[in-house]
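**Q** Quick check, what structure comes out for this input:
(chains A and B, ligands or ions: 2)
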Amino acid sequence: MQILMSGLIFGCIYGLTALGLVLIYKTTDIVNFAQGEMAMVTTFVSFVFLSNFGFGYIPSLLLALIFAAIFGIAIHQIVMKRVQSAPPLNQIVVTLGLFMILNGMAGLIWGHKPTSYPQAVKGDSIKLGSVFITPNELFILCITFFLMLIFFLLFRFTRVGLAMRASAQDIKASQLMGIKVTSVFTATWAVGAILGGVAGIMTAPITFLDTQMMFEVLIMAFAAAVIGGFVSLPGAVIGGLFIGVFENLIAFYISPEMKLVYTFLLIILVLYIRPQGIFGGKQTLKKV
Amino acid sequence: MLKLNDVHAFYGRVHALRGVSLEVPEGKIISLLGGNGAGKSTTLNVISRLIQPKEGNFELNGQSMLKKSPSDMVKQGVIQCPENRRVFPLLTVEENLKIGAYQRKDKNIQLDMEKVYTYFPRLKERKIQKAGTLSGGEQQMLAIGRSLMGKPKILLLDEPSLGIAPILVSEIFKIIKEINNEGTAILLVEQNAHMAMSISDYSYILENGRVALEGNSEDLKNDDEVRKLYLGA
Ligand SMILES: Nc1ncnc2c1ncn2[C@@H]1O[C@H](COP(=O)(O)OP(=O)(O)OP(=O)(O)O)[C@@H](O)[C@H]1O
Ligand SMILES: [Mg+2]
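**A** Numbering: from 1, shown residues only, chains lettered A, B, ... in the order given. Ligands and ions are numbered 1, 2, ... in the order given. Now for the predicted structure:
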């Protein structure tokens, strides 16, 4: 049981990162390989507020998320807007390029020495039935489900959500309805960056704060998103949880070194049976 | 109230409009005819501000629109129902209609939706169906309904008869006439010149990005030259 629980916590982190990926993909049709690095940069910025300025945890978190929003807006306005109608491969090269640039710059600014990063909530483990869980882990679980639910409802039931879904399906028709598609996309990148920031800040206490902290998380988040169908927000989180638990079980019962291998074997198996992912629609069409 | 004057537009090096001038007066139906590639859709996209002309004027009620955005045009009540319908396939019929009212803030949206359903009762039965699963004719009805949701003062219709069975075409034309009777001016792009001329007040015929011929629809319809060249008679 305890193994399941810690698997779920990792799963949440994968799920959170996958949420940002899926949100951006669903709306703007771009696969953002820089999602992890954007998250890493935001996490470093939050650490600057925490340690250099000596702010408390909550103010630092909020300031970092504001930074993330501005960062997301800047990336869309300066870089991604230009390639919005470019072929998918070009877009991939651009986001991969961003990955490299952000990683390199973060290394220049903050160095390559892993630093420890505080948890969101302190406190000793509490016993829930037969498992122990720390308040911080409980917090990660709650925030993941909260964010998933919020964005799911936003997409389904609000005017902005409708505009996001419409823009994702047909840019020209959306413009003819009076939707400012570019603004919708900019807002999506802002929100995607915020989601990434939350994921990064939740990850740092576990992995240490480091320019490479999101590498494995991003790979797993991609796997989670793919299993979830890449267009379903609940699918991304459930895919994340699934992978987190599976990976932990492998690490415990077989060997920690083999967990990536087995996880990807599982993913290949899932996609073999259901090529569109568990929650995906037909082909590459998008749904909520 | 809407006026294009000597408009030139390009796609890269392709000179698609070579000096188009036309007018859509209040409350009238104006048809814009011509063969494939004549520049009809391009003209509508200039009006919807998706394409910026290189030269010429575009005015609405005496004001230049050349600096406005597509969403400004929608706010002013100039609404385009695009070629090939372009409904949002993964949204439901009702969500498609809601999107049509995207920039409206008034309280009558629900009322207008009911009105669309009385024009097209078939849409009401399919309210919660995904638009992508509708038949071509139903999608055309939805596309027209969706543009009505924006409360158009001028409705730009791009080939509403495209790929639709003749019976349905006359049904749709009847509704276009009704929409016009309620005070909406219409700029109707059509390949089906005969149908378009029979419901419109005035017609323009485009050829190679230029207005080759214009006049009262009634007169043009009875003109021997026009009959030979454009009506296949
Ligand atoms: N996106 C584009 N890129 C390049 N050229 C274009 C583009 N769209 C249209 N054109 C060209 O501009 C000219 C006018 O096209 P337009 O779509 O306005 O014609 P149309 O009168 O609407 O024709 P149809 O009845 O076939 O829809 C054509 O020669 C077409 O090839
Ligand atoms: Mg056309």
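**Q** Helices along the stretch 51-200 of chain A, start to end?
**A** A:57-74, A:88-110, A:135-157, A:159-169, A:171-176, A:181-207 (DSSP state H, counting those that start in this stretch).
**Q** what separates the closest residue to ligand 2 within chain A from residue B:156, distance-wise?
**A** Going by CB to the ion, ligand 2 is nearest to residue A:172 of chain A, at 12.9 Å. From N, CA and C alone the C-beta is placed, and that goes for glycine too. From residue A:172 across to residue B:156, the span is 14 Å (CB to CB, to the nearest Å).
**Q** what about residue 41, how many residues close to it?
**A** Using chain A. As a burial measure, residue A:41 scores 27 neighbours (other CB atoms under 10 Å in any protein chain shown).
**Q** Hmm, no, I was thinking of chain B.
**A** The burial count for residue B:41: 21, using other CB under 10 Å.
**Q** Show me what the one helix or strand it maps to is in contact with.
**A** If you go by DSSP states H and E, residue B:41 is part of helix B:40-47. When contacts are defined by CB atoms under 8 Å, 6 or more residues apart in numbering or on different chains, helix B:40-47 is touched by residues B:2, B:4, B:7, B:9, B:11, B:16-17, B:20, B:22, B:32-34, B:51-53, B:58, B:73, B:78, B:80, B:82-83, B:156, B:158-159, B:187, B:189, B:206, B:209.
**Q** Filter those residues down to just the buried residues.
**A** Burial by neighbour count, 16 or more other CB atoms under 10 Å in any protein chain shown: within the contacts of helix B:40-47 this picks out B:2, B:4, B:7, B:9, B:16-17, B:20, B:22, B:32-34, B:51, B:53, B:58, B:73, B:78, B:80, B:82-83, B:156, B:158-159, B:187, B:189, B:206, B:209.
**Q** Could you list which of those also contact chain A?
**A** B:80, B:82 (CB under 8 Å from any CB of the partner chain).
**Q** Now the residue lying farthest from the centre of chain A: closest residue in space, sequence neighbours ignored.
**A** What lies farthest from the middle of chain A is residue A:176; by CA atoms, centre = their mean that is 32.0 Å. Leaving aside its sequence neighbours, residue A:176 sits nearest to residue B:80 (CB to CB, 6 or more residues apart in numbering or on different chains; 5.0 Å).
**Q** Who does the one you found form a beta bridge with?
**A** residue B:156 (DSSP bridges).
**Q** Pass me the low-pLDDT residue ranges in the chain, would you?
**A** All of this is about chain A. A:280-288 (pLDDT under 70).
**Q** wait, chain B
**A** B:232-233.
**Q** Tell me the residues on it that lie near chain A, please.
**A** So chain B meets chain A at B:48, B:50, B:69-71, B:74-75, B:79-80, B:82, B:86-91, B:95, B:98-100, B:102-103, B:146-147, B:150 (CB under 8 Å from any CB).
**Q** tell me the SS of residue A:243?
**A** helix (DSSP: H, G, I helix; E, B strand; the rest coil).
**Q** Without its sequence neighbours, what residue ends up closest to it?
**A** residue A:224 (5.2 Å).
**Q** Now do the helix or strand that neighbour falls within against helix A:181-207, angle only.
**A** Using DSSP H and E, residue A:224 maps to helix A:215-227. Relative orientation of helix A:215-227 versus helix A:181-207 (axes from the mean of the first three to the mean of the last three CA atoms, to 10 degrees): 130 degrees.
**Q** Which residue does chain A have closest to chain B?
**A** Residue nearest to chain B within chain A (CB to the nearest CB): residue A:178, separated by 3.3 Å.
**Q** That residue and residue B:151: what is the separation?
**A** When residue A:178 is compared with residue B:151 (using CB to CB), they lie 11 Å apart.
**Q** More neighbours: which of those two?
**A** Using other CB under 10 Å, the more surrounded residue of residue A:178 and residue B:151 is residue A:178, with 22 against 18.
**Q** contacting residues for that one?
**A** Contacts of residue A:178 by CB under 8 Å, 6+ apart are B:70, B:71, B:74, B:75, B:102, B:103, B:150.
**Q** before we move on, what about residue A:254?
**A** Residue A:254 neighbours (CB under 8 Å, 6+ apart): residue A:262.
**Q** go with 10 Å
**A** By CB atoms under 10 Å, 6 or more residues apart in numbering or on different chains, the contact set of residue A:254 is A:261, A:262.
**Q** try residue B:52
**A** By CB under 10 Å, 6+ apart, the neighbours of residue B:52 are B:9, B:10, B:45, B:46, B:58, B:66, B:67.
**Q** where do the contact lists of residue A:172 and residue B:156 overlap?
**A** B:45, B:48, B:80, B:82.
**Q** now, which of the residues you listed sits nearest chain A?
**A** Nearest to chain A among those, with distances taken as CB to the nearest CB, is residue B:80, at 5.0 Å.
**Q** what's the spacing between that closest one and residue B:147?
**A** 7 Å.
**Q** Give the intersection of the neighbour lists for the two.
**A** Joint contacts of residue B:80 and residue B:147 (CB under 10 Å, 6+ apart) are A:176, A:177, B:74, B:155, B:156, B:157.
**Q** In chain A, what residue lies closest to ligand 1?
**A** Of all residues in chain A, residue A:172 sits closest to ligand 1, with a separation of 10.4 Å (CB to the nearest ligand atom).
**Q** Verify the contact between that residue and residue A:181 for me.
**A** Yes - using CB atoms under 10 Å, residue A:172 is in contact with residue A:181, at 8.9 Å.
**Q** between those two, who's got more neighbours?
**A** Using other CB under 10 Å, the more surrounded residue of residue A:172 and residue A:181 is residue A:181, with 24 against 15.
**Q** Out of the helices of the stretch 51-200 of chain A, which is the most enclosed?
**A** Of all the helices of the stretch 51-200 of chain A, helix A:181-207 has the most neighbours on average by mean count of other CB atoms under 10 Å in any protein chain shown, namely a mean of 24.
**Q** Is any residue of it near chain B?
**A** Yes - using CB under 10 Å from any CB of the partner chain, helix A:181-207 reaches chain B at A:181, A:182, A:183.
**Q** Assign the closest residue to residue B:23 other than its chain neighbours to helix, strand or coil.
**A** Nearest residue to residue B:23 in three dimensions, chain neighbours excluded: residue B:3, at 5.1 Å (CB to CB, 6+ apart). At residue B:3 the chain is in strand, as set by three-state DSSP.
**Q** For residue B:3, grab the count of nearby residues.
**A** 16.
**Q** was I right about it contacting residue B:59?
**A** Yes - if you go by CB under 10 Å, residue B:3 and residue B:59 touch, sitting 4.7 Å apart.
**Q** which residues do the two both contact?
**A** B:23, B:65.
**Q** Would you pull up the residue in chain B closest to ligand 2?
**A** Closest point on chain B to ligand 2, by CB to the ion, is residue B:41, at 3.1 Å.
**Q** That residue and chain A: what is the separation?
**A** When distance is defined by CB to the nearest CB, to the nearest Å, residue B:41 is 11 Å away from chain A.
**Q** If I take the helix or strand hosting residue B:95 and helix A:135-157, what angle do their directions form?
**A** Following DSSP H and E, one finds residue B:95 within helix B:93-100. Angle of helix B:93-100 versus helix A:135-157, following the same axes, to 10 degrees, is 90 degrees.
**Q** returning to what we had before: residue contacts, the residue of chain A closest to ligand 2?
**A** A:181, B:45, B:48, B:50, B:70, B:80, B:82, B:86.
**Q** repeat that for 7 Å
**A** By CB atoms under 7 Å, 6 or more residues apart in numbering or on different chains, the contact list for residue A:172 reads B:50, B:82, B:86.
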